[in-house]
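*Asks:* Show me how the following folds:
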Amino acid sequence: LLSCTPGARVSTMRAVSLAFIPVALAAFTMEKPADVSDGNPFDVSSYYVNPSYQAELQVSIDTASGTTKKTLKSMMEVPSAYWIDVKSKVTGSDTDSVEGILADALASNPSDPPLVTFIVYDLPNRDCHAKASNGEVCCTYNDDGTCDYDASGDCADGID
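*Replies:* Okay, here's the model as predicted:
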C-alpha cells in the first residue's frame, strides 16, 4: 500500500482511505453481503455523516456570522472521512471511534447502511521520519528507541 525510503523527505500525505461496503467489522455481521463485482463500490445509496463531526461544526456555527456561518451550516449533512491517527480511536461505543461509527452507521439503516470512509494515518512503520505525524505504531524498535523502518515481520507486537 504505502512505502517510503528511510530518511527520505516525504512531502505528500500518507493516508489510505478505507471504504467499508457494507459497514462491517469483525464484531458486526450483516444479512446483505457486499457485491461489488459488477460495478463501482462507491456507487451506494448514501454515505455516512458522523454526528461527532456535526457537533464540531455546530460549535463553529454558534460563533460564526455571515457567509462563514452559511457555509458551515451547508456542511452539516456533508459526509466526511474519519481520521484514525491514534490507536485509541479504534475501539469504543461513541462516534469518536471506529467501532462506534460502524455501529451507528449500521443502526441508522440496517437494510442499506451508508458507506463509511476511514483515513488510516497511523500505519505501522510508515512514519518515514516525517516528524509531523510521529506515528505511535512501530513494529520493531532500534536499540536507541527509534523505529526500525527496514525490519520485516507481521507487526503484531506494535499493534497490540
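
*Asks:* which helices and strands does the helix or strand encompassing Asp62 pack with?
*Replies:* Using DSSP states H and E, Asp62 sits in helix 51-63. Contacts defined by 3 or more C-beta pairs under 8 Å, 6 or more residues apart in numbering; DSSP states H and E place helix 51-63 against helix 66-74. For every residue, glycine as well, the C-beta is placed using N, CA and C.

*Asks:* Can you show me the helices along this protein?
*Replies:* Remark: helices assigned in the chain by DSSP state H are 51-63, 66-74, 98-108, 156-159.

*Asks:* tell me which residues of the helix holding Asp62 are tucked away?
*Replies:* Neighbour counts over helix 51-63 (16 or more other C-beta atoms under 10 Å) mark Tyr53, Gln54, Leu57, Ile61 as buried.

*Asks:* Over to stretch 85-96?
*Replies:* Buried residues in stretch 85-96, counting neighbours by 16+ other C-beta under 10 Å, are found at Lys89, Thr95, Asp96.

*Asks:* May I see those residues organised as a markdown table, with distance to Ser74 and pLDDT added?
*Replies:* As requested, the buried residues of stretch 85-96 are exported to a markdown table (distance: C-beta to C-beta, whole Å; pLDDT from 0 to 100):
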| residue | distance to Ser74 | pLDDT |
| --- | --- | --- |
| Lys89 | 27 | 88 |
| Thr95 | 21 | 95 |
| Asp96 | 23 | 93 |
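
*Asks:* Using CSV, write out every CA atom in stretch 76-96.
*Replies:* Taking C-alpha atoms only, stretch 76-96 is exported to CSV below (Å, rounded to 0.1, in the frame of the first residue of the first chain):
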residue,chain,number,x,y,z
MET,A,76,-23.8,19.8,8.3
GLU,A,77,-25.0,17.0,6.1
VAL,A,78,-21.8,16.5,4.1
PRO,A,79,-20.2,13.1,4.7
SER,A,80,-16.6,13.1,5.6
ALA,A,81,-13.9,10.5,6.3
TYR,A,82,-12.9,9.7,9.9
TRP,A,83,-9.2,10.0,10.6
ILE,A,84,-7.6,7.2,12.5
ASP,A,85,-4.4,8.7,13.7
VAL,A,86,-4.1,7.0,17.1
LYS,A,87,-4.9,3.5,18.3
SER,A,88,-7.3,4.8,20.9
LYS,A,89,-9.7,5.8,18.1
VAL,A,90,-10.3,2.2,17.1
THR,A,91,-12.3,0.8,20.0
GLY,A,92,-15.3,2.4,21.7
SER,A,93,-19.0,2.8,21.6
ASP,A,94,-19.4,6.5,20.6
THR,A,95,-19.0,8.1,17.2
ASP,A,96,-15.4,9.2,18.1
